[in-house]
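>>> The following block contains a protein sequence and its predicted model.
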There are 2 protein chains.
Amino acid sequence: MQCELCAPSGLDILYQDEKLYIILVDEPHYPGFCRVIWKEHVKEMSDLDVADCRYLLDWVLRCERALRAIMQPDKINLASLGNVVPHLHWHVIPRFSDDAHFPAPIWASAQRAGKTRSMPDLAAQLRLALTS
Amino acid sequence: MQCELCAPSGLDILYQDEKLYIILVDEPHYPGFCRVIWKEHVKEMSDLDVADCRYLLDWVLRCERALRAIMQPDKINLASLGNVVPHLHWHVIPRFSDDAHFPAPIWASAQRAGKTRSMPDLAAQLRLALTS
């Protein structure tokens, strides 16, 4: 079966190295939504050895720090689900009290239309923050 | 404001030490749903220093390993959200393809009634696995 995370295309890549890549998710209602994707096709965090687990989580937290510094969200949501695409990846989602789902998770029913936040230079700012 | 995770009561504690505690969540449709709760009232992972981050994540992954060994779920879901209760905690959720929401996250609308799994000695097995 073809795995969409093994053969990515058309992604806005913020960072990559031999182990992982980080993309900016195209979700107009959730600017700054990042995904940290492990390159090797493994299913669970506990399929990685300790060093790789730490490496991946260090990058997840680097995303969190960058998003907090640039966007000052009300909350950061972190999640590794992978029920639909069982290829290890993390969602790093800046949340605002006036977004469409707050305080529910973004996977719940929307509670309001949600405020639109336009940040045209966000990808550039994130690229810089992730590598500095 | 009183924080319900600062003053927990009536919880099924699987493990605790000076830094964190781990509970078995009372969700009949999601047996094995564990929550790893940092004792100090902080909001985000990146409010912790590197050593504490790793310590907390090591326990989250220890939960994941214990749940996989005992329950053989189809997937593990990990999440740190905290929009409602902004006191750092992690959800570790064993997922099965016949549970109420699969493959959606458990916070989405239910897709079916969901199979009930009765595991009367689950807490005891988890306590043993977490500390061995």
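Yep, it's here. Residues are numbered from 1 along each chain as shown, chains lettered A, B, ... in the order given.
>>> The longest helix along chain A and chain B, are they touching?
Scanning chain A for the longest helix, with DSSP state H as the assignment, gives helix A:50-71. Yes: legend: contact between helix A:50-71 and chain B by C-beta under 8 Å from any C-beta of the partner chain is shown at A:C53, A:R54, A:L57, A:L61, A:E64, A:R65, A:R68. For every residue, glycine as well, the C-beta is placed using N, CA and C.
>>> now do stretch A:125-132
No: if you take C-beta under 8 Å from any C-beta as the test, stretch A:125-132 misses chain B, and the best it gets is 12.6 Å.
>>> Could you check that stretch and say which residues are buried?
Residues of stretch A:125-132 classed as buried: A:Q125, A:L126, A:R127, A:A129, A:L130 (neighbour count, 16 or more other C-beta atoms under 10 Å in any protein chain shown).
>>> Stretch A:93-100 now?
Buried residues in stretch A:93-100, counted by 16+ other C-beta under 10 Å: A:I93, A:P94, A:R95, A:F96, A:D99, A:A100.
>>> how about the strands in chain A?
Using DSSP state E, the strands of chain A run over A:12-16, A:20-24, A:34-38, A:75-80, A:89-95.
>>> nearest to chain B, of those?
Nearest to chain B among these is strand A:75-80 (4.0 Å), distances taken as C-beta to the nearest C-beta.
>>> Convert the C-alpha atoms of the closest one to CSV, please.
These are the backbone C-alpha positions of strand A:75-80, laid out as CSV (Å, rounded to 0.1, in the frame of the first residue of the first chain):
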residue,chain,number,x,y,z
LYS,A,75,-2.1,27.0,24.1
ILE,A,76,0.0,24.5,22.1
ASN,A,77,-1.6,21.1,21.3
LEU,A,78,0.8,18.2,20.6
ALA,A,79,-0.5,14.9,19.2
SER,A,80,0.7,11.7,17.6
